[in-house]
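Visitor: A predicted structure for the sequence below; I have some questions about it.
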Amino acid sequence: EDKVVQSPLSLVVHEGDTVTLNCSYEVTNFRSLLWYKQEKKAPTFLFMLTSSGIEKKSGRLSSILDKKELFSILNITATQTGDSAVYLCGSGGGADGLTFGKGTHLIIQP
Amino acid sequence: DTAVSQTPKYLVTQMGNDKSIKCEQNLGHDTMYWYKQDSKKFLKIMFSYNNKELIINETVPNRFSPKSPDKAHLNLHINSLELGDSAVYFCASSPPTSGRAPRLYFGPGTRLTVT
């Protein structure tokens, strides 16, 4: 059975701090790992990582995949209150969908 | 404009009832899914449906059944609702994977409350 584990499960930091969210995976026939952000409604896509060692970047967010050690990290620099959300990591091998971790609940305090 | 839509957004019903949630996508995707999210935000796949092939998560009770009238629709029917079915149900769709994991496009969710 595919397994995705995220840590920490919750995190409270102050505005301006840098955070690192972790995701490890054990997936049969691994293809990619995806990060999503969920605020009050549906998860929204952040990154898809397929190749090891290549950083994906979007503004203050960046992510990288290590296929040897089977993990990924999501970094957020200069955090803002709008970054407060649940961050979900998911992985899978094909058309049977993604297996998600339990998410990291991130709270940014002003 | 809505890519993946679900109805209703909220559903409150009593134990033992039968209910359906509808999902439609206008993205032209071939694969659709149902996910259940519990109160702790854990998102778990229930079904995926691709070209009439249904893949079922073995932990899903057989009271839950997906029905797909066509490629753009995947409805979820639930029989004999139980308290533990209370959750947010997300429909999603994905384009062809091209050798990668599917990128999911989620609907807005349906919050089901069973009393």
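Guide: Sure, I can see it. Numbering: from 1, shown residues only, chains lettered A, B, ... in the order given.
Visitor: where's the closest residue to residue A:32 other than its chain neighbours, which helix or strand?
Guide: For residue A:32, ignoring the flanking residues on the chain, the nearest one in space by C-beta to C-beta, 6 or more residues apart in numbering or on different chains is residue B:101 at 3.8 Å. To be clear about C-beta, it is placed using only N, CA and C from the backbone, and glycine gets the same treatment. Using DSSP states H and E, residue B:101 sits in no helix or strand.
Visitor: and residue B:101, what does it touch?
Guide: Contacts for residue B:101 were tallied using C-beta atoms under 8 Å, 6 or more residues apart in numbering or on different chains; they are A:30-34, A:48, A:90-94, A:98.
Visitor: distance-wise, check the most centrally placed residue in chain B relative to residue A:86.
Guide: For chain B, the residue nearest the mean C-alpha position is residue B:34 (2.6 Å; C-alpha atoms, centre = their mean). From residue B:34 over to residue A:86 the distance is 19 Å, taken as C-beta to C-beta, to the nearest Å.
Visitor: what's the answer for residue A:9, then?
Guide: 10 Å.
Visitor: quick one: the helices in chain A?
Guide: Under the criterion DSSP state H, helices are not mapped anywhere in chain A.
Visitor: shaky segments in it?
Guide: For chain A, applying pLDDT under 70 flags the ranges A:94-95.
Visitor: close to chain B: what parts of it are there?
Guide: A:30-34, A:36, A:38, A:41-45, A:48, A:50, A:86, A:88, A:90-100, A:102-103, A:105 (C-beta under 8 Å from any C-beta of the partner chain).
Visitor: again, 6 Å this time
Guide: When proximity is defined as C-beta under 6 Å from any C-beta of the partner chain, chain A approaches chain B at A:31-32, A:41-43, A:48, A:50, A:86, A:92, A:95-97, A:100, A:102-103.
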